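Asks: Coordinates for the following, if possible.
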Amino acid sequence: MSSFVDAAAGGFDAVLRHGAVGDNRLIARRLATSRRLLVASRAYLDRCGCPATPAELERHKGVLYANREGDWRFAAPEGWSVIRPRACLRVNNGLVMRDAAVAGLGIALLPTFFVHEALRAGTLVEIDIGVEAEGAELFLAYPRDHGASAKIHALADSLRRSFGDPPYWDRAAD
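Replies: As a prediction, this is how the structure comes out:
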């Protein structure tokens, strides 16, 4: 199980971060992009209906990420649209969010690297509301005072090659 750690004070050589690295004690090296998709189980959608618009989405139950504001951002023609679903669950782990969505608790907005296998297996369904969710990037972050050692450079290069461009999780989700 993964957890959010203090990379600068925790004695770590490096950590992976999805989204902005807002800690000025860290240096962040971009590894890959990530799309975020709205997903839910077929059972949830059969029970509660499938939203087709942002307004309909706002009336649904959301499985929300606790370390981020409780809203979802989407690119709309007039700018960013913000959706604030009703929280049925707040957790700080994307894998738990995915599993809660699979269990039918609500709709989750998750990066494709967490959901591409569930989409392929059919345990989750992508929800299209006509606008694309705000994406994010995956970073390798390491303490500024440690500097970038050869092993950090090697790890970053290896991860970039393994992920691909575009990353394998986005190719699989398509």
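Asks: okay, CA-based contacts and neighbour counts for the rest of this
Replies: OK.
Asks: So Ala108 versus Lys61, what's the distance?
Replies: 9 Å (Cα to Cα, to the nearest Å).
Asks: In terms of neighbours, single out the busier of these two.
Replies: Shown here are Ala108 and Lys61; by other Cα atoms under 10 Å, Ala108 has more neighbours (29 against 19).
Asks: Tell me which residues touch that one, please.
Replies: Contacts for Ala108 (Cα atoms under 8 Å, 6 or more residues apart in numbering) come out as Leu37, Leu38, Val39, Ala40, Gly62, Val63, Leu64, Met97, Arg98, Ala101.
Asks: Would you agree Arg29 is in contact with Arg144?
Replies: No: contact criterion Cα atoms under 8 Å: Arg29 and Arg144 do not qualify, at 11.7 Å.
Asks: Can you tell me the centre-most residue of this structure?
Replies: When Cα atoms, centre = their mean is applied to the chain, the residue found nearest the centroid is Pro111 (3.1 Å).
Asks: which residues sit in contact with the spatially closest residue to that one that is not a sequence neighbour?
Replies: Once flanking residues are discounted, Pro111 sits nearest to Arg36: 4.1 Å by Cα to Cα, 6 or more residues apart in numbering. Arg36 makes contacts with Leu109, Leu110, Pro111, Thr112, Ala133, Glu134, Gly135, Ala136, as judged by Cα under 8 Å, 6+ apart.
Asks: CSV for these, including pLDDT and distance to Tyr44?
Replies: Formatted as CSV, the contacts of Arg36 follow (pLDDT from 0 to 100; distance: Cα to Cα, whole Å):
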residue, pLDDT, distance to Tyr44
Leu109, 95, 15
Leu110, 94, 16
Pro111, 92, 20
Thr112, 92, 20
Ala133, 93, 20
Glu134, 89, 23
Gly135, 86, 24
Ala136, 81, 26
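Asks: How much space separates the residue nearest to Ala76 when sequence neighbours are not counted from Val82?
Replies: Distance criterion Cα to Cα, 6+ apart; nearest residue to Ala76, sequence neighbours excluded, is Val131 at 6.0 Å. Counting by Cα to Cα, the separation of Val131 from Val82 is 11 Å.
Asks: which residues in this protein form helices?
Replies: Using DSSP state H, the helices found in the chain span residues 42-48, 54-57, 94-102, 112-121, 150-163, 168-173.
Asks: Dump the contacts of Ala108 into a markdown table; add distance to Val15, pLDDT and neighbour count as well.
Replies: Output for those, formatted as a markdown table (distance: Cα to Cα, whole Å; pLDDT from 0 to 100; neighbours: other Cα atoms under 10 Å):
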| residue | distance to Val15 | pLDDT | neighbour count |
| --- | --- | --- | --- |
| Leu37 | 24 | 95 | 23 |
| Leu38 | 26 | 97 | 22 |
| Val39 | 27 | 98 | 26 |
| Ala40 | 29 | 98 | 28 |
| Gly62 | 28 | 95 | 27 |
| Val63 | 25 | 95 | 29 |
| Leu64 | 22 | 93 | 28 |
| Met97 | 20 | 95 | 25 |
| Arg98 | 21 | 97 | 23 |
| Ala101 | 26 | 98 | 26 |
